[in-house]
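> Attaching a predicted model along with its sequence, questions to come.
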Amino acid sequence: MQDLVNIFVKSIFIDNMVFAYFLGMCSYLAVSRTVNTSVGLGAAVIFVLGFTVPVNYLLENFILGRGALSWLGPQFASVDLSFLTFIMFIAIIAAMVQLVEMIIEKFSPTLYSSLGIFLPLIAVNCAILGGSLFMQERNFGNITEAVSFGLGSGVGFFLAIVGIAAIREKIRYSNVPAPLRGLGITYIITGLMGIAFMSFMGIEL
């Protein structure tokens, strides 16, 4: 249980997708104009990462990896389908994003309209694919660890995009120099938030 908590907390604060690896910056910058749309996209990312990372873990360990098909029989022990990793990971992500898109369109048309093209673009969001690739790289011991990592990564993205959206709403009333208005000041604030999140690296987990 302690290991799962460690993985979850570390993926939120220390290995934050936005502030540690600067992944998913296109959605992060484009959708973070208001808190409402940021909450919607952040929740969608949590849902997608929470499902795709463990599903891709099962794919990696029982179908795609070298010797992963040995459960079918000894004659399959030498089969290596790892060359299909990227296309299979992306296919799972695209299917899950399509499901999320249909759910949001059904139950919250306003949010669906606000997110616009950036909702289906979650399918090619590098933060989403990065979650599955980091899972593969870290070679988690079981699926519960993969679930913990996926949910933690999603929560980390959620905190990042909602945090910057709240700040952007406030700075509309600030006297920002003209050359820095818009994305200029957003880049600066993002860098400062990234430095702030680096302080969590001193935590021993």
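Everything's here; your move.
> mind checking how far residue 162 is from residue 71?
Per C-beta to C-beta, to the nearest Å, residue 162 is found 42 Å from residue 71. Heads up, the C-betas are built off the backbone N, CA and C, glycines and all.
> What of residue 114?
Residue 114 is 45 Å from residue 71, by C-beta to C-beta.
> which of the two has more neighbours?
Shown here are residue 114 and residue 71; by other C-beta atoms under 10 Å, residue 114 has more neighbours (18 against 10).
> How about that one, nearest residue that isn't a chain neighbour?
Leaving aside its sequence neighbours, residue 114 sits nearest to residue 37 (C-beta to C-beta, 6 or more residues apart in numbering; 4.5 Å).
> who touches the one you found in this structure?
Contact analysis of residue 37 by C-beta atoms under 8 Å, 6 or more residues apart in numbering lists 31, 111, 114-115, 165.
> Among these, name the ones in strands.
Applying DSSP state E to these, no entry is found in strands.
> Which one (most neighbours) among these?
Per-residue neighbour counts (other C-beta under 10 Å) across the contacts of residue 37 peak at residue 115, which has 24 neighbours.
> ok so, going back, out of the contacts of residue 37, which one sits closest to residue 138?
The nearest member of the contacts of residue 37 to residue 138, counting by C-beta to C-beta, is residue 31 at 28.0 Å.
> can you tell me how far that closest one sits from residue 200?
For residue 31, the distance to residue 200 (C-beta to C-beta) stands at 24 Å.
> Any idea which helix or strand in the protein has the lowest mean pLDDT?
When the helices and strands of the chain are scored by mean pLDDT, DSSP states H and E, helix 109-115 comes last with a mean of 83.
> counting contacts, what elements does it pack onto?
If you count contacts as 3 or more C-beta pairs under 8 Å, 6 or more residues apart in numbering; DSSP states H and E, helix 109-115 packs onto helix 35-59, helix 85-107.
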